[in-house]
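Asker: Structure of the sequence below:
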Amino acid sequence: MTAEYKVHDDIAIITLNNPPVNGLGFATRKGIVEGVEQALNDANVKAIVITGAGKAFSGGADITEFRKEAAFREPNLHGVIQVIENANKPVVAAIHSVVMGGGLELALACHYRLVAAGTKVALPEVKLGLLPGAGGTQRLPRVIGVEAALNMIVSGETVPAELLMSAPGQKLFDELVDADDDLLQTAMGFAKSVAHVKDLPKVRNLPCKHPQAEAYFGFARTTVGAMAKNLPAPLKCLEAVEAATKLKFDAGLEKERELFINLMWTPESRALQHLFFAERAASKIDDVPSDTPLRTIKKVGVIGAGTMGGGISMNFLNAGIPVTILETKQEALDRGIATIRKNYEAQVKKGKLKQDKYEERMALLTPSLSYDDLKDVDLVIEAVFEEMGVKEQVFTKLDSVIKQGAILASNTSTLDLNQIASFTKRPQDVVGMHFFSPANVMKLLEVVRGEKTAKDVLATVMALAKKIKKVAVVAGVTDGFIGNRMIEQYSRQAGFLLDEGASPQQIDKAVEKFGFAMGPFRMGDLAGNDIGWAIRKRRAVEQPDLRYSKTADLLCEKGRYGQKTGAGWYDYEPGKREPIVNQEVLDMIDQYRKDAGITPRKISDDEIVQRLVFSLVNEAAHILEEGFAQRASDIDIVYLYGYGFPFYRGGPMNYANEFGLFNVVETMKRFAKNPHDDADFWQPAPLLKQLAAEGKQFQ
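Answerer: Predicted coordinates:
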């Protein structure tokens, strides 16, 4: 049973027991209703306590039922709430640890609520592109006030119970129970004390008003609209809360339901729901059992104190893991440590980090100029120059110094990890940990699995990624792994579009309007155009038939490497990141077109977006069928967390599914006829072609 029923003295106790977070699945909902009805029909029972087993009261909907028929089976959550609210015996919620989503809506239906100190409270539905659909938008404003409720619902963020309890006039919690006290015993005692109450308090009967409703909601609409941009759910949340202040309770519930159903079918909500499940799937490796024993990681070494090495180090320091950071020269080491200090001090200044925490983290950092200081580390990550000869020197040295059983990781973004592993006598201990810059901010971690990487190494690194708050995706060894292999095709298309008549600013603006954080030319300036230049030189030797626009090489020959030189595709003022259009660059592009015999044409924003996005999709389909990514949703995670793809579109593969794979293939056929493009590239990958022909989607 996922809702257990017991009677102690004259108090019935219903315990939700559906691990890990007591999700409100069909069996649990049915069990709650049966338990309440059993208690109401037992003359010896005077009151009812509802609580949760394990580490949660309830986290809300059961994700195993999400988007399945079982989620809508009666009794649904509305039905459960109605039974509780209409009970003629007191129902007391004994809340602890976590109460979120439908779990909080369930608690709001109870007549009384006791909460244990340290409990996390939230209505996070907006993060799935939805709103609370079981009365949350109508009941929460009645117990904590309109403004506090709207903030919680629109943000979806977790709030500590103590903070809510301290708000003046709050009616959410009747009592805060000390963490050392027995919550269930306290709740049973409380239930006994209210067993005689006949006119039971119902949240639905509380008033819901704002003294300056029109002005407040007008201001809130402007603020939320600006923050939400392309996401419809936050404004619909506001509309539902506003309805709570204007309509009678039942009419407000109807309005909430109508808005909830409308949101369920929006592409934005589907995209965010896709992301929710994609994140959970990414942590699973098909042939690595979930109970694989993990290696112990108590101390980490980082080689290189540059921007990347420093950022990587901060991730571990933040998680309380000691780091030894190694450099070859004192000056470089001092500069790296100073940068880490500066980053932390900026957080302290903004109030995001307390001074004592900053000092704790810096105390965990040991600077070094000697490989001997890495002898006892459990994991070492190299973040040195992206050149195979340099990697060989580092890994040969590590192999001779680092203790057996330690994990040797490379932060390489494109180089062959199997070759790197061959520089050691323990290739089973070598893995790729490709962090994205700035490494202390970006959430993505590409975990690169070599041919000989041991399963326990993979399992350990995936678990460690969670500890340092990264979203990890496993990639196979292919040039550029998942993200950079795809971005190369994207960049090639950007170059061809430039050749054919578009300007850097038109291409960037079109892609940014689509929702990317940054267009390809602004991205090139940020990363450094010389990095792409080096890759193209390597490609000229390895794949001489692969064609590129020459404009990027001409730009680099002028020394315009991007923001670091103050000049790239755009100009930049010192200390600023705003791009300024440069006429010399536009003239250079125009001259190149003339020299190449290309007559520029007007290119629509739609064509720009489709060529760039579908180039990602087609390359990703090749990566999938070649086995370098486990699943399409992993590729979406890479692009959402590592490359600024818009979250509300769910990643390139989800976007292609929404667009329709048949339509994607038909569009690609048109692009293949363009004489200035790469016709061979636009031949659909066999997997894409097959799925489109069968009317299927990427999974």
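
Asker: Select the helix or strand of the chain having the lowest average pLDDT value.
Answerer: helix 529-542 (a mean of 84; mean pLDDT, DSSP states H and E).

Asker: helices and strands around the next helix or strand after it, which ones?
Answerer: Sequence order places helix 551-557 as the next helix or strand after helix 529-542, per DSSP states H and E. Packing partners of helix 551-557 (3 or more Cβ pairs under 8 Å, 6 or more residues apart in numbering; DSSP states H and E): helix 483-500, helix 529-542, helix 583-596. C-betas here are computed from N, CA, C, even on glycine.

Asker: list the buried ones in helix 551-557?
Answerer: 551-553, 555-556 (16 or more other Cβ atoms under 10 Å).

Asker: Can you give the distance from that helix to the centre of its chain?
Answerer: Centroid displacement of helix 551-557 relative to its chain, using Cα atoms, centre = their mean, to the nearest Å, is 35 Å.

Asker: Quick check: mean pLDDT of the helix or strand where residue 312 lies?
Answerer: Secondary structure assignment for residue 312, by DSSP H and E: helix 307-318. Across helix 307-318, pLDDT averages out at 94.

Asker: average pLDDT for whichever helix or strand comes after that helix?
Answerer: Later in the chain than helix 307-318, the nearest helix or strand by DSSP H and E is strand 323-326. Averaging pLDDT along strand 323-326 gives 96.

Asker: do the same with stretch 216-236
Answerer: 91.

Asker: contact partners of it?
Answerer: 125-126, 129-131, 146-147, 150, 154, 210, 237-238, 242, 259, 262-263, 266, 268-269, 515, 646, 648 (Cβ atoms under 8 Å, 6 or more residues apart in numbering).

Asker: Now the buried members of these.
Answerer: Buried among the contacts of stretch 216-236 (16+ other Cβ under 10 Å): 125-126, 129-131, 146, 150, 154, 210, 237-238, 242, 259, 263, 266, 268-269, 515, 646, 648.

Asker: Let's see which of those residues end up in helices.
Answerer: Among the buried ones among the contacts of stretch 216-236, the members found in helices (DSSP state H) are 146, 150, 154, 237-238, 242, 259, 263, 268-269.

Asker: picking that back up, closest one to residue 45 out of the buried residues of helix 551-557, please.
Answerer: residue 552 (76.3 Å; Cβ to Cβ).

Asker: That closest one contacts residue 529, correct?
Answerer: Yes. Under the criterion of Cβ atoms under 8 Å, residue 552 is in contact with residue 529, at a separation of 6.5 Å.

Asker: now the host helix or strand of residue 346: mean pLDDT?
Answerer: Using DSSP H and E, residue 346 sits within helix 330-349. Per-residue pLDDT over helix 330-349 has a mean of 94.

Asker: Grab the nearest non-local neighbour of residue 695.
Answerer: residue 662 (7.2 Å; Cβ to Cβ, 6 or more residues apart in numbering).

Asker: May I have the secondary structure class of that neighbour?
Answerer: Here residue 662 is recorded as helix under DSSP: H, G, I helix; E, B strand; the rest coil.

Asker: what comes into contact with stretch 285-300?
Answerer: So stretch 285-300 is contacted by 284, 313, 316, 321-324, 376-381, 405, 407, 455-460, 462-464, 474, 630 (Cβ under 8 Å, 6+ apart).

Asker: Tell me the buried residues in that stretch?
Answerer: Buried residues in stretch 285-300 (16+ other Cβ under 10 Å): 285, 288, 292, 295, 297, 299-300.

Asker: what mean pLDDT does that stretch have?
Answerer: 95.

Asker: Repeat that for stretch 633-643.
Answerer: 96.

Asker: Same question for stretch 491-509.
Answerer: Mean predicted lDDT for stretch 491-509 stands at 96.
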